[in-house]
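Asks: Sequence and computational prediction follow.
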Amino acid sequence: MGSISQAITEMGVDLYNELNKNAANKNIFISPMSISTGLVMVLLGARGNTATQMQMVLHLNRAARSANLETGFVSESGTTEAEPEYPNEGQYHQLSHFPKPSLSQCDLVGGIHTEFQTLLSQLKNLNKSYVLSLANSLFAQKGYNFHQQYLECTKELYGAMLQTVDFENATEAARQKINSWVESKTQGKIRELFVSGVIDPTAVLVLVNAIYFKATWEYKFEEKYTMPKDFRINQNESKSVQMMYQKDRFKIAHIQEMNAQILMIPYAGKSLSMIILLPDDITGLEQIERAMTYEKLIRWTSLESMRDREVEVYLPRFKLEDTFELNLPLQEMGMIDVFEESKADLSGMAPSRKLFLSKVVHKTYVEVNEEGTLAAAATGSVVVNRSHLSGGLFMADHPFLFFIQHNPTNTILFLGKLCSP
């Protein structure tokens, strides 16, 4: 499990850095967990150089070093099965008349996919204090035949169904269908995932990922203590925000080399936490971003580094919504072939050599208030000084980084930067 959680975090840090190139003073909020899970479903059907590039970007190359990626999905007779024609375009493909594959048949890429399945299972079985829904789907142009084994395995491992739509002749209907699916999976929080014009008639395969999270704090902020306070956006600019306050025992540390505090605020049940990295100085965020790696994040938040003590916490109420087209950032990170019709090898997914990934769009929503957090979303040696803790005061009144983490596995579900509430 550790290797998958590490891979998700490393990919998340890489993607954050890529998005941050054009967002130096802007808010960012992404779900590395959701994006990784969605892309790994495509990896299940990728072969050759396409698969190699995807593994590298997803940081799964170590876990899959021994995998034979040229192995296709084959039937019992030894031939590759293609999906039979379905009369009802747009319906889920039901495959109950095929024998259920074993996980070993499905798990062609090392132990990656069964590890993902185990992690997803853990996240789905959190206690009743949380609502965490993860949903992934592939929408494909009708008329493409898909290997039965691929469809069975995405269902078996990821609970995902492939849906067919008619991008070519009914683009708007396809867009609305995808948007409705996402809206239903995020309790209505993410509505127009694809605005008009984003999907065009040339699309053949669209990956959609959605994650919805709602949780209350283990120790709630009392609304009567919330009051207006200035949030310093930079040295010359500030804005009034609703600043929440509470005094309680929290895990906290001061990272000496980064000149930053790190605070862990648990959600009810303590399986999940929000971790906030707050620079001492208003201009210190860039230094943390440059230094941020998986190893450092784990070290900074380790039990050895954090100290349980009484802290006065000031945290702004905030709500963030964002949409990211990830094709270009993923290409910049090295995932190139899967987006090009002439190069993409998704032969483990379908016999057609014309299949390629058209769009990866990620839309996110997070709301932090006195009750807790509502979030939705379609990685060296560090010296930690435990004694320098600014007298138990944590004043988040200037830009900071924040994570929502599944504590038992150290998996980062969400990663964000708040520059302006």
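Replies: Happy to help now that I have it. Numbers count the residues shown, from 1 in each chain.

Asks: What sits closest to Lys228 if chain neighbours are left out?
Replies: Just so we're on the same page, residue 228 is Pro rather than Lys. Sequence neighbours aside, Ser240 is the residue nearest to Pro228 in space, at 5.0 Å (criterion: Cβ to Cβ, 6 or more residues apart in numbering). Every C-beta, even on glycine, is put in place using the N, C-alpha and C of the backbone.

Asks: quick one: secondary structure of the one you found?
Replies: For Ser240, the secondary-structure state derived from DSSP: H, G, I helix; E, B strand; the rest coil is strand.

Asks: after the helix or strand bottoming out on mean pLDDT in the chain comes which helix or strand?
Replies: When the helices and strands of the chain are compared on mean pLDDT, DSSP states H and E, strand 384-385 comes out lowest with a mean of 30. Following strand 384-385 in sequence order, the next helix or strand is strand 393-395 (DSSP states H and E).

Asks: Could you list the paired strands of that following strand along with their orientation?
Replies: Sheet pairing for strand 393-395, assigned by DSSP bridges, gives strand 307-316 (parallel).

Asks: which other residues reach the partner strand?
Replies: 221, 229, 231, 241-253, 263, 265, 276, 368, 386, 389, 392-397, 418, 421 (Cβ atoms under 8 Å, 6 or more residues apart in numbering).

Asks: Could you pull up the residues touching the spatially closest residue to Ser352 that is not a sequence neighbour?
Replies: Once flanking residues are discounted, Ser352 sits nearest to Tyr144: 5.7 Å by Cβ to Cβ, 6+ apart. Going by Cβ under 8 Å, 6+ apart, Tyr144 touches 164, 204, 350, 352, 355.

Asks: Thought Gly348 was touching the last one, still the case?
Replies: By that I understand Leu355. No - using Cβ atoms under 8 Å as the test, Leu355 is too far from Gly348 to be in contact (10.4 Å).

Asks: and the two? which has more neighbours close in?
Replies: Taking other Cβ atoms under 10 Å, Leu355 and Gly348 do not tie; Gly348 has more neighbours (26 against 22).

Asks: Please tell me I have it right and that one contacts Val42.
Replies: No - contact criterion Cβ under 8 Å: Gly348 and Val42 do not qualify, at 9.9 Å.

Asks: Send over stretch 280-287 as CSV, restricted to the C-alpha atoms.
Replies: What follows is stretch 280-287, C-alpha atoms only, in CSV (Å, rounded to 0.1, in the frame of the first residue of the first chain):
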residue,chain,number,x,y,z
ASP,A,280,6.5,32.2,9.0
ASP,A,281,6.8,35.0,6.5
ILE,A,282,4.2,36.3,4.1
THR,A,283,6.5,35.7,1.1
GLY,A,284,7.7,32.2,2.3
LEU,A,285,5.4,30.0,0.3
GLU,A,286,7.6,29.8,-2.8
GLN,A,287,10.5,28.4,-0.8
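
Asks: Would you mark the buried spots in it?
Replies: 284-285 (16 or more other Cβ atoms under 10 Å).

Asks: What of stretch 127-135?
Replies: Result for stretch 127-135 [16+ other Cβ under 10 Å]: buried residues 129-130, 132, 134-135.

Asks: same question, stretch 300-316
Replies: 300-301, 305-307, 311, 313-316.

Asks: Now for those: which two are most distant?
Replies: Greatest spatial distance in the buried residues of stretch 300-316: Ser305 and Pro316, 25.1 Å, computed using Cβ to Cβ.

Asks: Give the buried residues for the helix or strand Arg175 falls within.
Replies: Applying DSSP H and E as the criterion places Arg175 in helix 171-185. Using 16+ other Cβ under 10 Å as the test for burial, helix 171-185 gives 171, 174-175, 177-179, 181-183, 185.

Asks: Which strands or helices does that helix pack on?
Replies: The contact analysis (3 or more Cβ pairs under 8 Å, 6 or more residues apart in numbering; DSSP states H and E) places helix 171-185 against strand 130-141, strand 162-165, strand 205-216.

Asks: partner strands of the last one, parallel or antiparallel?
Replies: To tie it back to what came earlier, the one meant is strand 205-216. Here, using DSSP bridges, strand 205-216 pairs with strand 130-141 (antiparallel), strand 359-368 (parallel), strand 372-377 (antiparallel).

Asks: now the contacts of Tyr144 in a markdown table, with pLDDT and distance to Glu10?
Replies: Shown next, in a markdown table, are these (pLDDT from 0 to 100; distance: Cβ to Cβ, whole Å):
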| residue | pLDDT | distance to Glu10 |
| --- | --- | --- |
| Thr164 | 89 | 34 |
| Val204 | 81 | 30 |
| Ala350 | 84 | 30 |
| Ser352 | 80 | 32 |
| Leu355 | 84 | 28 |
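
Asks: Leu58: which of these is nearest?
Replies: Leu355 (19.4 Å).

Asks: helix, strand or coil for that closest one?
Replies: coil.

Asks: and if you look at Val42?
Replies: Secondary structure for Val42, judged by three-state DSSP, is helix.

Asks: residue contacts, it?
Replies: Counting by Cβ under 8 Å, 6+ apart, Val42 touches 54, 138, 207, 338, 346, 349, 357.

Asks: tell me, how many neighbours does the fourth one end up with?
Replies: Yep, that's Val338 we're talking about. When neighbours are counted by other Cβ under 10 Å, Val338 comes out with 28.

Asks: go on, the second one?
Replies: In terms of burial, Leu138 registers 24 neighbours under the definition other Cβ under 10 Å.

Asks: which strand residues sit across from it in the sheet?
Replies: In this entry, Leu138 is beta-bridged to Leu162, Leu207, by DSSP bridges.

Asks: The stretch 51-200 of the chain: helices as residue ranges?
Replies: For the stretch 51-200 of the chain, applying DSSP state H, counting those that start in this stretch gives helices covering 103-106, 112-124, 148-158, 171-185.

Asks: just the angle between the helix or strand that Leu415 is a member of and helix 112-124, please?
Replies: Here Leu415 is covered by strand 411-418, with elements defined by DSSP H and E. Counting by axes from the mean of the first three to the mean of the last three Cα atoms, to 10 degrees, strand 411-418 lies at 70 degrees to helix 112-124.

Asks: Many thanks, I have nothing further to ask.
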